[in-house]
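**Student:** Quick one, structure for this:
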Amino acid sequence: MGIEVTSGAPAGWDAYVERHSLATAYHRASAVNLGARAFGLRTTFLAARSASAQLVGVLPLVEQSSTLFGRFLVSLPFVTYGGILADDPSVAQALAARAAALARERRADHVELRHAAPLAGLDLPERLDKVSMVLPLPGSEEALAKRLGSKLRSQIRRGGREGLEITWGRGELVGEFYPVFAASMHQLGTPVYSRRFFHSVCEALGEFASVLIVRIRGKVHGAAILVRHGQALEVPWAAASPEAKSLSANMSMYWEMLRFAISRGAEAFDFGRSTIDSGTYRFKAQWGAEPRQLHWHYWLPVGAPIPKLNQSNPKYARAAALWRRMPLWCANLVGPFVVRNLP
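**Tutor:** Purely as a prediction, here's the structure:
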């Protein structure tokens, strides 16, 4: 078995991804290149081939670096899912070992591999503080409505009484999605991706990505981007204005997403990742979503701790507090230059 290391997707990459049971839309070559297209980040494709030259495993890696957190390789940044796809544990081990060697060659501080399931034989430290919140879907919206509690149904109806206008589309709606999403991120103290990034997402994912816009009396108050992974739909990016939340229009927005998923024949709805018992975790759990453990594996230099590039890191928390005080126009201008280096 040999491992190819290339800057572009090798022959057969997407065909292998399409037939692997653990693959996501983010593993497709066009999506792997998101970091390069939106931010100019160095992207590397690792491909394992058998003695007969058959593809038996893949691992995409994106290189990032920052003054605060150092240099690192991630599979994949900006999204929840990535990591190794392999035919068997020995292939997974070989890909992980080659990623570690690549990190040493580039003087990186760590490698982060984002997996949605444990990988047998992968002897690497892992983080287990994140889960995906996933709701199994019935065959009809009527059946789903019956599962929801009376309080939740009441909130959905209340939001619906505001005369919501629902629009579904693709990349042409990014211009309307972006302002409400950027404002929401600013309130959270989180640097926002550029508008170009979301255009790149829609271009790279094509038919796998859908954009939802929610208007109240003609003004956009809610927006989301959904991504199709096989028989599941995920909402990695969503936001609602404070006004929408006060009117329960955000609840109606999520109901519309669930209706959309059922109408497209999806078997599950992925509300995105959360920390257990956080506010977002409880919001998603009220819909009946169940936690599914995420396994983020790390190659680290001997004795190095697992990095904390999140709000549990005091550096990150202090930066978030300062970010909230920054004027929105300034945060939108500076944010893309900061977030390109955050996984």
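
**Student:** now the helices for the stretch 151-300 of the chain?
**Tutor:** Here the stretch 151-300 of the chain has its helices, by DSSP state H, counting those that start in this stretch, at 174-188, 195-205, 242-246, 249-263, 279-285.

**Student:** Could you pull out the buried residues of the shortest one?
**Tutor:** Spelled out, it's helix 242-246. Counting neighbours by 16 or more other Cβ atoms under 10 Å, one finds that the buried residues in helix 242-246 are Ala244. In short, each C-beta sits where N, CA and C put it, glycine included.

**Student:** If you count contacts, what does it end up packed against?
**Tutor:** Counting contacts by 3 or more Cβ pairs under 8 Å, 6 or more residues apart in numbering; DSSP states H and E, helix 242-246 packs against strand 209-216, strand 219-229, helix 249-263.

**Student:** what's the angle between the second one and helix 174-188?
**Tutor:** Counting by axes from the mean of the first three to the mean of the last three Cα atoms, to 10 degrees, strand 219-229 lies at 100 degrees to helix 174-188.

**Student:** Let's check: the centremost residue of this structure is which one?
**Tutor:** Val79 (2.6 Å; Cα atoms, centre = their mean).

**Student:** Please, which helix or strand holds that one?
**Tutor:** Assigned by DSSP states H and E, Val79 belongs to neither a helix nor a strand.

**Student:** Could you tell me which residues make contact with it?
**Tutor:** Contact analysis of Val79 by Cβ atoms under 8 Å, 6 or more residues apart in numbering lists 26, 114, 236.

**Student:** Any figure for the gap between the closest residue to Ser140 other than its chain neighbours and Glu141?
**Tutor:** Nearest residue to Ser140 in three dimensions, chain neighbours excluded: Ile262, at 6.6 Å (Cβ to Cβ, 6 or more residues apart in numbering). Ile262 is 5 Å from Glu141, where distance means Cβ to Cβ, to the nearest Å.

**Student:** Of these two, which one has the most company?
**Tutor:** Using other Cβ atoms under 10 Å as the criterion, Ile262 and Glu141 rank with Ile262 on top: 20 against 16.

**Student:** how close does that one get to Tyr193?
**Tutor:** In this view, Ile262 and Tyr193 are 29 Å apart by Cβ to Cβ.

**Student:** Equivalent analysis for Gln155, please.
**Tutor:** To Tyr193, Gln155 is 29 Å away according to Cβ to Cβ.

**Student:** again, but for Ala232
**Tutor:** Taking Cβ to Cβ as the measure, Ala232 falls 23 Å from Tyr193.

**Student:** picking that back up, and the helices and strands packed on helix 242-246 as TSV, adding distance to Ser90?
**Tutor:** Converted to TSV, these look like this (distance: least, Cβ to Cβ, whole Å):
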stretch	distance to Ser90
strand 209-216	35
strand 219-229	26
helix 249-263	37
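
**Student:** can you put these in TSV and add distance to Leu73 and mean pLDDT?
**Tutor:** Output for the helices and strands packed on helix 242-246, formatted as TSV (distance: least, Cβ to Cβ, whole Å; pLDDT from 0 to 100):
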stretch	distance to Leu73	mean pLDDT
strand 209-216	25	97
strand 219-229	23	97
helix 249-263	33	96
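
**Student:** So which of these is nearest Leu135?
**Tutor:** helix 249-263 (7.5 Å; Cβ to Cβ).

**Student:** What are the buried residues along that closest one?
**Tutor:** 249-258, 260-262.

**Student:** and the residues you listed, which two are the farthest apart?
**Tutor:** Ala249 and Ile262 (20.4 Å).

**Student:** So in terms of bridging, what pairs with the residue nearest to Ser7 when sequence neighbours are not counted?
**Tutor:** Leaving out its chain neighbours, the residue that sits closest to Ser7 by Cβ to Cβ, 6+ apart is Thr44, at 6.4 Å. Beta bridges link Thr44 to Leu61 when assigned by DSSP bridges.

**Student:** wait, Val211 sits on Val227?
**Tutor:** No - with contact defined as Cβ atoms under 8 Å, Val211 does not reach Val227; the gap is 10.6 Å.

**Student:** what is in contact with the two at once?
**Tutor:** With Cβ under 8 Å, 6+ apart applied, the contact sets of Val211 and Val227 do not overlap.

**Student:** Just want to check the distance between the closest residue to His27 other than its chain neighbours and Ala223.
**Tutor:** In space, and not counting its chain neighbours, His27 is closest to Val17: 4.5 Å by Cβ to Cβ, 6+ apart. Separation of Val17 from Ala223 (Cβ to Cβ): 28 Å.

**Student:** Cool, thanks, talk later.
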